[in-house]
Structure formats: C-alpha cells, structure tokens
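Asks: coords please:
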Amino acid sequence: MMHIEIYTDGSSRGNPGPGGYGVILKSGEHYKELSAGYRLTTNNRMELLSVIVGLESLKIPKSRVLIVSDSKYVVDSVTKGWVFSWVQKNFKDKKNRDLWERFLKIYPKHHVQFKWIRGHNNHPENERCDTLAVTAATSGNMLVDEGYEAELD
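Replies: Now for the predicted structure:
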C-alpha cells in the first residue's frame, strides 16, 4: 500500500478577499507542489480546498495518506466527526457545503489520517505551503471560486 504525506495551507488577503492554496505531496522520493489563486474567497475555503486538491491529485486508490494541516477548521471537522453529522442535517446553516461535498466524494477513496500542526511555527513543509498559498493569492492570475461567489448572489 502506497504511503503519501500531504501538507496543506490556505490563505486569503482579507476574509473574504483574494485567496490561494498551497499543497505539497511527498511519497518516498516523489515530491510535488500544487497551488492556485482565486479572486474572491475565504481562508477556510482555501484551507479545505488545499486538502481536496491534494487528495484528488492522488493516482493510486486506497493509498495510506497523512494530511498535515494548520487548519483547526478542517482537521477538527473531520477528526471530530462534525462533517458527517452535517451531512445528516443536509448542511443546515453550514458554510462551504460545495467544498465539503467535494471532500466527501474523494475522502473514502483512501485511508486518510489528519495531523494538526501549529501554523507559522517553522515547520518546513507548512512554511513552504504558506508561501505557495500567499504567492497564488497575490499572483494576479486568479480563478473564480464559483461556489463562494454563487452564495453572494
């Protein structure tokens, strides 16, 4: 069984504001970085999207995955089971439903564990993901966070 580490971070310059995510995937000698920026989003959306993109980029099903994140929002929502109760309540009064539903489609395809780490604490991969996320959020080459902007209409 393949073992993969996914490091993630999200950023927004204002909340809401322009935002981005950064992801590092590591498995043995393999290393890959992913990032993208969005013209209008929130920090929590970028934190969650970084995890989703990391999982969606995996090519081998049923991999053992360790996701390392500084987002209490994401880590606690999964490890404490909150997101699963939100499904039962049809996400009533919960934000980011579109992303949580996307997460729930990819999550069961692997054996996933989460590890929370304190952000901005000199953790090399977390610091690199932060740089990727901030750079993406300020790059000027921005995507549209359709799920977020649709909620504004």
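Asks: how about the helices in this protein?
Replies: For the chain, the helices defined by DSSP state H occupy 43-56, 72-79, 82-88, 97-106, 124-137, 146-152.
Asks: dump those to a markdown table, plus mean pLDDT.
Replies: Output for the helices of the chain, formatted as a markdown table (pLDDT from 0 to 100):
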| stretch | mean pLDDT |
| --- | --- |
| helix 43-56 | 98 |
| helix 72-79 | 98 |
| helix 82-88 | 96 |
| helix 97-106 | 98 |
| helix 124-137 | 98 |
| helix 146-152 | 91 |
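Asks: looking at these, which is buried most?
Replies: Stretch with highest mean neighbour count among the helices of the chain: helix 43-56 (a mean of 24; mean count of other C-beta atoms under 10 Å). Where you see a C-beta, it was placed from the backbone N, CA and C, and this is true even at glycine.
Asks: hang on, the earlier thing: how about CSV for the helices of the chain, with distance to residue 20 added?
Replies: Compiled in CSV, the helices of the chain are given as follows (distance: least, C-beta to C-beta, whole Å):
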stretch, distance to residue 20
helix 43-56, 6
helix 72-79, 16
helix 82-88, 23
helix 97-106, 15
helix 124-137, 3
helix 146-152, 13
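Asks: can you say which of these is nearest to residue 18?
Replies: Closest of the helices of the chain to residue 18 is helix 124-137, at 5.1 Å (criterion: C-beta to C-beta).
Asks: between helix 43-56 and that closest one, find me the angle.
Replies: With axes from the mean of the first three to the mean of the last three C-alpha atoms, to 10 degrees defining the directions, helix 124-137 sits at 110 degrees from helix 43-56.
Asks: for helix 124-137, packing partners?
Replies: For helix 124-137, the elements it packs on are strand 3-12, strand 17-27, strand 30-41, helix 43-56, judged by 3 or more C-beta pairs under 8 Å, 6 or more residues apart in numbering; DSSP states H and E.
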